[in-house]
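> Predicted model and sequence follow; I will ask about them next.
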Amino acid sequence: MEQIDWGHLPFGYMKTDYNVRCTYRNGKWGEIEVCSSEIVNIHMAATCLHYGQESFEGQKAFRCPDGKIRIFRLDENAARMQSTSRGIMMPEMPTELFIEMAKKVVKLNERFIPPYESGAALYLRPLMLGTSAQVGVHPSDEYLFLIFVTPVGPYFKGGFACTDYVITRKFDRSAPLGTGIYKVGGNYAASLKANDEAHKAGYSCEFYLDAKEKKYIDECGAANFFGIKNNTYVTPASTSILPSITNKSLQTLAEEMGLKVERRQIPVEELDTFEEAGACGTAAVISPITKIDDPEAGRSYVISKDGKPGPICRKLYKKLRDIQYGIEPDKYNWNTVLD
Ligand code: PLP
Ligand code: COI
């Protein structure tokens with residue numbers, strides 16, 4: 001095998017040895033297939049290609065200091081994928097089968113799990129596609145579910161470091177009663193232009209307000225938002241954001257650390273009052289926020305005066321990472337440990 005530079009991996013795709021697949025036909029899921037091809041052979045009229053019947057997930061497996069391999073909160077990814085399936089009329093992948101396939105694909109690609117010291121991880125990408133040919137707008141009869149894996153480094157260059165965001169008022173990633181709560185490809189297509197503009201203007205990511213009123217905070221690109229003030233963890237309640245598993249975990253840990261947790265609408269002006277804030281998701285865990293500019297409103301919200309992550313962000317980040325790496329006891333049973 002070619003040498004992998006574990007310490008400098010991008011958040012990108014690298015070919016591994018195997019993926020696992022399962023087909024839904026005649027109303028039921030079939031047997032698990034192990035596949036060494038990276039190619040999906042698909043009908044040109046498949047519903048995933050035309051009508052967006054496609055969903056995905058993302059989770060990480062870690063090589064831990066005790067030599068074990070742990071995968072974080074797989075049951076939550078399975079549950080979210082089931083919710084997405086209900087949202088766009090695809091069949092639900094049962095939790096047990098989802099977990100069995102995830103464990104299998106990680107084991108089959110064990111040599112691609114980065115060493116603990118590198119800070120990198122093996123990213124799992126479950127994917128579901130509607131594969132039957134349709135020209136009318138109808139759900140598919142048949143579906144392909146697969147999981148591939150790829151070793152990844154930090155999502156943002158610099159890892160756990162503060163970055164800047166820019167509020168976009170020109171684009172919405174999802175509508176209030178649309179598909180924002182589901183993990184479907186269309187939401188990401190809708191974010192590409194805003195993301196490109198933000199990058200070109202020198203920001204790490206775009207920042208969305210609610211699509212209807214542009215009054216409340218929604219999401220930070222492909223991550224949830226949280227702010228810290230007065231010993232309280234505040235995160236948006238919204239019908240158009242993805243329910244982040246990292247955010248849910250951080251809320252549990254914040255409560256354990258003695259913080260109050262509030263899930264509510266957050267008016268954009270409230271950004272002025274946060275002592276700390278971060279974007280959270282599987283890829284970055286926590287990406288602390290330095291400032292959020294709102295050029296169209298002629299405002300800027302500086303969150304970290306010294307440009308460094310605050311003490312609560314640091315503590316939350318460390319606690320979550322230590323659970324993922326088996327360093328702290330897994331008292332909520334979040335990890336699947338491979339034997
Ligand atoms: N929001 C969006 C739009 C995402 O794509 C993701 C990533 O999956 C998240 C939030 C963070 O979710 P999680 O913590 O489950 O990775
Ligand atoms: C995340 O894991 O936090 C993400 O946003 C995943 C992204 C690559 C779609």
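Great, that's in hand. Ligands and ions are numbered 1, 2, ... in the order given.
> Let me see the domain layout of the chain.
Domain assignment of the chain by automatic domain parsing yields the ranges 6-152, 163-323.
> Those domains: which one's closest to ligand 1?
Each of the domains of the chain was scored for nearness to ligand 1 using C-beta to the nearest ligand atom, and the closest is domain 163-323 (3.1 Å). Heads up, the C-betas are built off the backbone N, CA and C, glycines and all.
> Distance across that closest one, terminal residue to terminal residue?
The first and last residues of domain 163-323 sit 25 Å apart, counting by C-alpha to C-alpha, to the nearest Å.
> Is that domain in proximity to ligand 1?
Yes: applying C-beta under 6 Å from any ligand atom, one finds domain 163-323 in contact with ligand 1 at 219, 222-224, 242, 244-247, 281-282.
> between the residues you listed, which is closest to E142?
Closest to E142 out of the residues of domain 163-323 next to ligand 1 is L242 (26.5 Å), distances taken as C-beta to C-beta.
> residues contacting that closest one?
By C-beta atoms under 8 Å, 6 or more residues apart in numbering, the contact list for L242 reads 80, 180-183, 187, 219, 222, 224.
> Same question for L97.
Contacts for L97 (C-beta under 8 Å, 6+ apart) come out as 22, 29, 32.
> Return the members of those classed as buried.
22, 29 (16 or more other C-beta atoms under 10 Å).
> Turn the contacts of L97 into CSV, columns for pLDDT, distance to ligand 1 and secondary structure.
As requested, those are exported to CSV (pLDDT from 0 to 100; distance: C-beta to the nearest ligand atom, whole Å; DSSP: H, G, I helix; E, B strand; the rest coil):
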residue, pLDDT, distance to ligand 1, secondary structure
C22, 98, 22, strand
W29, 98, 23, strand
I32, 98, 24, coil
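> Including distance to P10, could the contacts of L97 go into TSV?
Listed next are those as TSV, based on distance: C-beta to C-beta, whole Å:
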residue	distance to P10
C22	29
W29	34
I32	30
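> closest to G310 among the contacts of L97?
C22 (43.8 Å).
> Identify those among the residues of domain 163-323 next to ligand 1 that sit within helices.
Secondary structure from DSSP state H places 245-247 of the residues of domain 163-323 next to ligand 1 in helices.
> any idea which of the contacts of L97 is closest to ligand 2?
Lowest distance from ligand 2 to these (C-beta to the nearest ligand atom) belongs to C22, with 22.1 Å.
> which SS class is M101?
What DSSP: H, G, I helix; E, B strand; the rest coil gives for M101 is helix.
> Would you enumerate the residues in contact with the closest residue to F160 other than its chain neighbours?
What sits nearest to F160 in space, not counting adjacent residues and going by C-beta to C-beta, 6 or more residues apart in numbering, is Y317, at 5.9 Å. Y317 is in contact with 160, 285-286, 309, counting by C-beta under 8 Å, 6+ apart.
> Just the strands from the stretch 201-339 of the chain, written as ranges.
Secondary structure of the stretch 201-339 of the chain by DSSP state E, counting those that start in this stretch: the strands cover 205-209, 217-220, 223-229, 232-236, 260-264, 276-281, 285-294, 299-302, 335-338.
> re the thing from before, okay, the residue nearest to F160: pLDDT?
pLDDT for Y317: 95.
> now do C162
On pLDDT, C162 comes in at 89.
> Next: A284.
Looking at A284, its pLDDT reads 89.
> How many residues are close by the nearest residue to it once chain neighbours are set aside?
Nearest non-adjacent residue to A284, counting by C-beta to C-beta, 6+ apart: Y155, 4.1 Å away. Neighbours of Y155 under the rule other C-beta atoms under 10 Å: 21.
> Also K260?
K260: 11 surrounding residues under other C-beta under 10 Å.
> check contacts around it.
Taking C-beta under 8 Å, 6+ apart as the test, what K260 contacts is 231-233.
> Quick one: buried ones out of these?
Buried among the contacts of K260 (16+ other C-beta under 10 Å): Y233.
> and which of the contacts of K260 is nearest K104?
Of all the contacts of K260, the one with the least separation from K104 (C-beta to C-beta) is Y233, at 36.1 Å.
> residues in contact with the residue lying closest to the closest one once chain neighbours are set aside?
Leaving aside its chain neighbours, Y233 sits nearest to A254 (4.0 Å; criterion: C-beta to C-beta, 6+ apart). Residues in contact with A254 (C-beta under 8 Å, 6+ apart) are 233, 261, 312, 316.
> hang on, the second one packs against L253?
Read that as V261. No: applying C-beta atoms under 8 Å as the test, V261 and L253 come out as separate, 10.0 Å apart.
> These two - which one has more neighbours?
Shown here are V261 and L253; by other C-beta under 10 Å, L253 has more neighbours (20 against 15).
> Quick check: chain neighbours aside, which residue is closest to that one?
Residue nearest to L253 in three dimensions, not counting chain neighbours: K319, with 5.1 Å by C-beta to C-beta, 6+ apart.
> who's in contact with the one you found?
Contacts for K319 (C-beta under 8 Å, 6+ apart) come out as 253, 257, 328.
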